[in-house]
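*Asks:* I would like the atomic coordinates for the input below:
(2 chains)
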Protein chains: 2
Amino acid sequence: MKTSIPVNRDIQAQKKQRANAFREKLSRQGTLIVNLVSSPGTGKTSLLEATVRELGDRLRLGVLVGDLATDRDAQRLAPLVPVKQLTTGGACHLEIALVEQGWQELGEPEIDILLIENVGNLVCPASHDLGEHLRVSLLSTTEGDDKPGKYPKMFRTSHAMLLTKIDLLPYLPFHVETAMEDARLIQPKLEIFTTSATTGEGIPQWCKYLEQQREALVTR
Amino acid sequence: MKTSIPVNRDIQAQKKQRANAFREKLSRQGTLIVNLVSSPGTGKTSLLEATVRELGDRLRLGVLVGDLATDRDAQRLAPLVPVKQLTTGGACHLEIALVEQGWQELGEPEIDILLIENVGNLVCPASHDLGEHLRVSLLSTTEGDDKPGKYPKMFRTSHAMLLTKIDLLPYLPFHVETAMEDARLIQPKLEIFTTSATTGEGIPQWCKYLEQQREALVTR
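*Replies:* Model prediction:
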């Protein structure tokens, strides 16, 4: 086993370097990179649709969507926004090399925000820097309010958390305060939004946060 | 990189061997091993509670529950059934070594069914044999009916699929037939059950299936 450890460390250091270089390159042209992470089916693609509808008139947006297989998400988003599908071929998370490739395929556009939808997985993507400025985790109200403590690394490494599908709250044993407290025990600085892509609730607040973060990037 | 490949293959072969030995050992004493896999928050623990309530009078059951952190699930189940928590310390899936350890801590009981709840992750647990006779994937109706095609390995390697939380169907854009067709494209032999741990719908059919599978194990 010992022989492989230095090799692995070297690879991880190289990936980190590439992620930093990508972040710096896009910072210089004023493009905010957002990495959306969550379990499968929390509504990442629906959130992207709602975000593009809300922000698309004011900001130039681009999207990369990651999946193990299929280009279903890119097909959903293509009518709304420039988008490329990243298919991992079975791997459980996106890596910087695939993001760089998608960015090239997108034509390296001069946009304000690049939104990256990671593979649906509340564990592995937490350990991979995609060059993002913001990591945003989604927690669906249908998943249960006990999840932050059970999947701590994802919430600890996130800047913001969206509690999604809040339109379903009347039918669920989910307590918003419990989930928020659980998440803040792990990451006290977490910005928290409650949203529903179905009713549109919370989408303006979330989009305003994105605009502010983008503004902070270009004025710093 | 090349130096690490034979080592890795060797480790994988050893794990497979241990999984096979565990399966054979429990087969001899008539214990069916069931590996429950799914995204976080599909209701694995609620399904276990409902299953224990339905089957607990007729069969001897034991449970191992896996998580990255916390013993919340074991605490929930402890009043109902002999249970041990397996905590992976951040790893994204259970492995046979941890299952063997949990089995010992459970006291290696002479039970009819050992139910193992894997870490919530629709990707990585698909690649790890825990010595189970049955792999059962849960897909929550709240996750969307497009998931089998997007996470193919999990459904391809499963014997059965449970569509959970069907009590929420009136409030969701989820089509049961679409999800079933998508799953059967990947794995035509999949046994499919629609269940709600909240209303109890489908639980007797699922439990009957477990009983039949256990019966088949001891009579073969």
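*Asks:* does A:Leu138 lie in a helix or a strand, and which?
*Replies:* Remark: A:Leu138 resides in strand A:134-140, with elements defined by DSSP states H and E.
*Asks:* identify each buried residue in the longest helix along chain A, please.
*Replies:* In chain A, assigned by DSSP state H, the helix with the most residues is helix A:4-28. If you call a residue buried by 16 or more other C-beta atoms under 10 Å in any protein chain shown, then helix A:4-28 has these buried ones: A:Lys15, A:Arg18, A:Ala19, A:Phe22, A:Arg23, A:Leu26, A:Ser27. Heads up, the C-betas are built off the backbone N, CA and C, glycines and all.
*Asks:* out of those, which one sits closest to chain B?
*Replies:* Nearest to chain B among the buried residues of helix A:4-28, counting by C-beta to the nearest C-beta, is A:Lys15 at 14.0 Å.
*Asks:* ok, that closest one touching A:Gly131?
*Replies:* No. A:Lys15 is beyond contact range of A:Gly131, at 10.1 Å (criterion: C-beta atoms under 8 Å).
*Asks:* next up, phi/psi of the residue most central in space within chain A, please.
*Replies:* With distances taken as C-alpha atoms, centre = their mean, the residue of chain A nearest its centroid is A:Leu36 (1.0 Å). Backbone torsions for A:Leu36, taken as degrees, to the nearest 10, come to phi -90, psi 120.
*Asks:* and the pLDDT at it?
*Replies:* The per-residue pLDDT reported for A:Leu36 equals 98.
*Asks:* repeat that for the one 10 residues further on.
*Replies:* At A:Ser46 the predicted local confidence, pLDDT, stands at 98.
*Asks:* likewise A:Glu215?
*Replies:* For A:Glu215, the predicted pLDDT is 98.
*Asks:* cool, and A:Asn8?
*Replies:* 76.
*Asks:* from A:Asn121, how far off is it?
*Replies:* 20 Å (C-beta to C-beta, to the nearest Å).
*Asks:* ok, now A:Ile33?
*Replies:* 19 Å.
*Asks:* contacting residues for A:Ser127?
*Replies:* A:His93, A:Lys153 (C-beta atoms under 8 Å, 6 or more residues apart in numbering or on different chains).
*Asks:* now do the phi/psi pair for it.
*Replies:* Note on A:Ser127: its backbone torsions stand at phi -100, psi 10 [degrees, to the nearest 10].
*Asks:* more neighbours: which of A:Ile33 and A:Asn121?
*Replies:* Between A:Ile33 and A:Asn121, A:Asn121 has the larger neighbour count (other C-beta atoms under 10 Å in any protein chain shown), namely 29 against 24.
*Asks:* make sure that one is indeed in a helix.
*Replies:* No. Secondary structure of A:Asn121 (DSSP: H, G, I helix; E, B strand; the rest coil): coil, not part of a helix.
*Asks:* so it touches A:Thr88, yeah?
*Replies:* No. Counting by C-beta under 8 Å, A:Asn121 does not reach A:Thr88; the two are 10.2 Å apart.
*Asks:* is A:Asp145 part of a helix or strand, or is it coil?
*Replies:* coil.
*Asks:* I'd say it and A:Leu172 touch.
*Replies:* No. Using C-beta under 8 Å, A:Asp145 is not in contact with A:Leu172; the gap is 9.2 Å.
*Asks:* give me the angle between the helix or strand of chain A with the lowest mean pLDDT and helix B:4-28.
*Replies:* Lowest on mean pLDDT, DSSP states H and E among the helices and strands of chain A sits helix A:4-28, with a mean of 89. With axes from the mean of the first three to the mean of the last three C-alpha atoms, to 10 degrees applied, the angle from helix A:4-28 to helix B:4-28 works out at 110 degrees.
*Asks:* ok, residues contacting helix A:4-28?
*Replies:* With C-beta under 8 Å, 6+ apart as the test, helix A:4-28 has contacts from A:32-33, A:95-97, A:99-100, A:103, A:114, A:128-133, A:217, B:1, B:3-4, B:7-8.
*Asks:* now those: which count as buried?
*Replies:* Applying 16+ other C-beta under 10 Å to those, the neighbour count classes A:32-33, A:95-96, A:99-100, A:103, A:114, A:128-133, A:217 as buried.
*Asks:* from these, which is closest to chain B?
*Replies:* A:His128 (12.1 Å).
*Asks:* ok, for that closest one, nearest residue in space, not its chain neighbours?
*Replies:* Among residues not flanking A:His128 along the chain, A:His93 sits closest, at 5.1 Å (C-beta to C-beta, 6 or more residues apart in numbering or on different chains).
*Asks:* measure that neighbour to A:Gly62 for me?
*Replies:* Noted for A:His93: a distance of 21 Å to A:Gly62, by C-beta to C-beta.
*Asks:* which elements pack onto the strand holding A:Leu138?
*Replies:* With contacts taken as 3 or more C-beta pairs under 8 Å, 6 or more residues apart in numbering or on different chains; DSSP states H and E, strand A:134-140 sits against strand A:32-37, strand A:160-164.
*Asks:* my guess is A:Val81 meets A:Leu64, correct?
*Replies:* No. Taking contacts as C-beta under 8 Å, A:Val81 lies outside contact range of A:Leu64: 10.8 Å.
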